[in-house]
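A.B. asks: Just the structure for this:
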Amino acid sequence: MWAYNPDLRPGILCLAWLTLAQEPGQIRGLVVDAQSGEPLARVRVQLAATSSQATTDAKGNFALGGLQAGDYTLVVSTVGYRLLKKSFTLAAGETKEFEVILSPDTFRHTDSVEVRASPFETARADSPSELTLEGNEAKNLASVLADDPLRAVQGMPGVSSNDDFESRFSLRGAAYNRIGLQLDDVLLHTPFHTLQGEAASGSLTAFNGDMVDSIALYSGAFPVRYGDRTAGVLDVHTREGSRTQRSVRLTASASNAGVMAEGPLGRGRRGSWLAAARKSYFQYVIRRTERTEPTLAFGFSDVQGRVSYDLGARHNVSLGVIEGMSDLHRTRSRPRLGINSPMLAGYHYTLANLGWRYTPHARFLVTSRAAYMRERFENLNRDELALAGGYYGEWVWNTNATWMWRARNGLDFGWSLRRPRADGYFNRYQAQPFAVRRLDEYRGHGRRAGAYAQQSWSAAGGRVQLAAGIRWDHLSANSGAAALPQVSVAFLPRPATRIHLGWGQYAQFPGFEWLFSRLGGLCLLPERAIHYVAALEQRLGERSRMRVEFYDREDRDLLFRPLWDARLAGTRILPNRLDAPVHNSSRGYARGFEALFQRRTANRLTGWVSYALGYSRVRDGEARAAFPSDYDQRHTVNIYLGYRVRPSVNLSTRWVYGSGFPIPGFLRREGANYFLAAERNRLRLEAYHRADVRINKAWTFDRGKLTLYGEVVNLFNHGNYRFDSFNGYNARTGQAFITLDRMFPVLPSAGVAVEF
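C.D. replies: Numbering: from 1, shown residues only. Okay, here's the model as predicted:
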């Protein structure tokens, strides 16, 4: 029989306390994507300096048990997302719950989730042609070799780019100079590392892809807040630095190396800072390996930074700076260079952007920008004589405001003032006897003023959405002005079905290199375009969609040099004229449709398959000739697929097919030889197709993360070519001489990134 003994009470209490102290605790939680709020599967969760780890299930949940009381650091990571570390204290027997928000590599660290109705929902519904790049799409498409955000855009549906050396691209038969590149609400001029003044060159975007927050492409009927372009708009915004933790990211690839750092600003973390620098070394490799023909590979370096700070609850100021330099140095190839080939060249790009965001009311937002950009270039030939040189500078001030006067009805309005200045020259040399000819020179300045207003309405419970606006632009240099309306209407007969129609008029003022040139003049008119767009979209579940878009763009007053190209007129050869003037003598159209199937998810298979059929033709009244545009491509296929196989491994592939751009000029082909012809753009380059495969592998450590990028470019080694130059003709036989450049062969490359 058991009896109570009061002398045993302290021992029993001690034993009970020891038992409770040894009772294990546990943690559990949910991991979600910062951009979409989607639960993330196959994410590794571990406790630093311990063997405890787990992988999230299909619903993003995880649990770790059997933990003793103490201090821990939770480390959460998966390939393509930023490393997250969180310190905590666990008491005996305690259960802690976490909601972990992971940010993609190209997105800033954040503690909040962007809530959207669907992964395809856009911030505005004022254009039927808006497409976006999100999450790791931009990173995986940028290529390991270049890591260029505009090369990621080249993989977007409907975009045509058949040049491995160029970041620039064409859109629905229009050249890149008709597409506006907006960076943080400022229309940029030439933000590239490139060889200026040369027709055949290469380019690399001057801003860092790891600092890009969002990319939106408008292929047609774009909103009135974008001005001075007639074919499309690419709207890019850079991200703020992290306000939660400091981090450093080191990168190296086959072409360049870089460093990026970010962190909170101030004791109260009311701001953030972000800085990055890159330096190329691919040109040194080429110089040591090339043995025959000279190469146009150039080197570059750039720095970029951004500071953002909250002056109060309603005021935020930011400052962004980009400084980039590129150069060409081919003294080793001097004996093999022509007298008009560049041997030394340099290009210097500067951009400073000061922003102020003011929110006087929850329904009213004002953003103002003051920016300055500057570009300088100079090219020297084999004798170190000047081939070309130039300067472009511009001061910019603009203000954009949004007033939500009702929950679903908003008024957007704004104005801008730009003061550009430009000067430049182009020389051509003759060797025997020596002579120099000034092909062109220009110098001038002016003011571009613009304003817009757009009203948006929503009716029938959001099933009908209408936006209508007007834009006015004026250029002081030639007193040119334009009033440009735009309308967009969307119908949602069912929650998963959208019919979107758009119409708009657009104008683009001639560049100062033509306005102030003896080849152009102040009498030149703005180029104009009218867009008609109809899009039908059907959602297939929460994360998939089918989309078909029909478009018609009517162009007029296009700038063209009718007498520039040599050609046949009957049996007579009309020679090319180096002093051929430029006129608003052309008009044309671009018509076609684009079909897209897309699935967007942070788990499993993501990506798109798109096909575009287009016809783009031009008619020049002065030359009395009709022909396909220089960027007319009938068939274009863009495919991107990505899959996160394991927490540390991601596979992606990109496949691009283009039926071929015209070879510009009046040419025909007989066997292996080319001859002058009576029709322009009669010949086409062979079909372009390129398949790239990429793998990203990540390793996570207690204090950091290592990611290895491997890629094979042009996996099937297809022989893709681009048009380089027209090299003259035989005046007796009419035989023409051109140069076609072969682009990337099968090319493996690798890169590495270290984050801590």
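
A.B. asks: Where does pLDDT dip in this structure?
C.D. replies: The chain contains residues with pLDDT under 70 at 1-22, 108-117, 123, 199-200, 284-297.

A.B. asks: residues contacting residue 104?
C.D. replies: Neighbouring residues of residue 104 by C-beta atoms under 8 Å, 6 or more residues apart in numbering: 33-35, 80-82, 135-136, 139. Glycine gets a C-beta too; all of them are placed from N, C-alpha and C.

A.B. asks: Looking at the residues you listed, which are in helices?
C.D. replies: residue 139 (DSSP state H).

A.B. asks: in the stretch 551-700 of the chain, which spans are strands?
C.D. replies: In chain order, the stretch 551-700 of the chain shows strands spanning 567-569, 572-574, 583-599, 605-620, 625-628, 635-646, 649-658, 667-670, 673-676, 688-700, with DSSP state E, counting those that start in this stretch as the criterion.

A.B. asks: closest one to residue 66 among those?
C.D. replies: Between residue 66 and these, the tightest spacing by C-beta to C-beta is seen for strand 688-700, at 21.5 Å.

A.B. asks: May I have the strands that pair with the closest one, each with its orientation?
C.D. replies: Strand 688-700 has these partner strands in its sheet, going by DSSP bridges: strand 649-658 (antiparallel), strand 705-713 (antiparallel).

A.B. asks: Buried residues in the first one, which are they?
C.D. replies: So that's strand 649-658. By neighbour count, with 16 or more other C-beta atoms under 10 Å as the criterion, the buried positions of strand 649-658 are 650-658.

A.B. asks: Show me what the strand or helix carrying residue 528 is packed against.
C.D. replies: Secondary structure here is read from DSSP states H and E; on that basis residue 528 sits in strand 527-539. Applying 3 or more C-beta pairs under 8 Å, 6 or more residues apart in numbering; DSSP states H and E, we find strand 527-539 packed against strand 497-508, strand 544-560.

A.B. asks: Going by neighbour count, list what's buried in the last one.
C.D. replies: Within strand 544-560, the residues that qualify as buried by neighbour count (16+ other C-beta under 10 Å) are 544-545, 547, 549, 551-553, 555, 557-560.

A.B. asks: Adjacent strands (with direction) for it?
C.D. replies: Here strand 544-560 is paired, per DSSP bridges, with strand 527-539 (antiparallel), strand 583-599 (antiparallel).

A.B. asks: same check, this time on the shortest one
C.D. replies: Its sheet considered, strand 497-508 pairs with strand 480-494 (antiparallel), strand 527-539 (antiparallel) by DSSP bridges.

A.B. asks: Relative to residue 519, which of those strands is closest?
C.D. replies: When those are compared by C-beta to C-beta, strand 527-539 sits nearest residue 519, at 16.5 Å.

A.B. asks: Give me the distance from stretch 358-372 to the chain's centre.
C.D. replies: Here stretch 358-372 shows a centroid-to-chain-centroid distance of 25 Å under the convention C-alpha atoms, centre = their mean, to the nearest Å.

A.B. asks: quick one: contacts of it?
C.D. replies: Residues outside stretch 358-372 that contact it (C-beta under 8 Å, 6+ apart): 184-186, 314-315, 350-357, 393-405.

A.B. asks: Can you flag which of the residues you listed belong to strands?
C.D. replies: Per DSSP state E, strands hold the following members of the contacts of stretch 358-372: 186, 315, 350-357, 393-405.

A.B. asks: Mind giving me the ChimeraX select for the residues you listed, buried ones only?
C.D. replies: One line in ChimeraX is enough to select the buried members of the ones in strands among the contacts of stretch 358-372, burial here meaning 16+ other C-beta under 10 Å:
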select :186,350,351,353,355,357,393,394,396,398,399,400,401,402,404
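
A.B. asks: Where does the most centrally placed residue in the chain sit: helix, strand or coil?
C.D. replies: Note on the chain: the residue nearest the mean C-alpha position is residue 150, at 3.6 Å, using C-alpha atoms, centre = their mean. Classification of residue 150 by DSSP: H, G, I helix; E, B strand; the rest coil places it in helix.

A.B. asks: Wait, it touches residue 161, no?
C.D. replies: No - taking contacts as C-beta atoms under 8 Å, residue 150 lies outside contact range of residue 161: 9.2 Å.

A.B. asks: got a list of what the closest residue to residue 298 other than its chain neighbours touches?
C.D. replies: Closest residue to residue 298 apart from its sequence neighbours, by C-beta to C-beta, 6 or more residues apart in numbering: residue 328 at 4.4 Å. For residue 328, the contacting residues are 195, 296, 298-299, 342-346, 379, by C-beta under 8 Å, 6+ apart.

A.B. asks: Single out the most deeply packed of the strands paired with strand 497-508.
C.D. replies: Per-residue neighbour counts averaged over each of those give the maximum for strand 527-539, namely a mean of 19 (mean count of other C-beta atoms under 10 Å).

A.B. asks: about what we covered before: can the strands paired with strand 688-700 go into JSON lines with extra columns for distance to residue 507?
C.D. replies: Putting the strands paired with strand 688-700 into JSON lines (distance: least, C-beta to C-beta, whole Å) gives the following:
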{"stretch": "strand 649-658", "distance to residue 507": "29"}
{"stretch": "strand 705-713", "distance to residue 507": "39"}
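
A.B. asks: of those, which approaches residue 571 most closely?
C.D. replies: Nearest to residue 571 among those is strand 649-658 (35.4 Å), distances taken as C-beta to C-beta.

A.B. asks: now that closest one, how far from the chain's geometric center?
C.D. replies: Between the mean C-alpha location of strand 649-658 and the chain-wide mean there is a distance of 17 Å, by C-alpha atoms, centre = their mean.

A.B. asks: what sits up against it?
C.D. replies: Among residues not part of strand 649-658, those counted as contacts by C-beta under 8 Å, 6+ apart are 79-80, 136, 140-141, 154-155, 160-162, 607, 633, 635-645, 687-698.

A.B. asks: Same question for stretch 151-158.
C.D. replies: Applying C-beta under 8 Å, 6+ apart, the contact partners of stretch 151-158 are 131, 133, 137-143, 159, 161, 167, 169, 171-172, 205, 209, 215, 217, 219, 234, 549, 594, 596, 598, 608, 610, 612, 636, 638, 640, 654, 656.

A.B. asks: ok, the buried residues of strand 649-658 vs residue 616, which is closest?
C.D. replies: Minimum separation from residue 616 among the buried residues of strand 649-658 (C-beta to C-beta) is found for residue 658, which lies at 13.3 Å.

A.B. asks: From residue 146, how far out is that closest one?
C.D. replies: Relative to residue 146, residue 658 is positioned 19 Å away (C-beta to C-beta, to the nearest Å).

A.B. asks: residues touching residue 549, list them.
C.D. replies: Residue 549 sits next to 128-129, 158, 219-220, 533-536, 593-594, 596 when contact means C-beta under 8 Å, 6+ apart.

A.B. asks: domain ranges for the chain?
C.D. replies: As assigned by automatic domain parsing, the chain contains the domains 23-102, 130-755.
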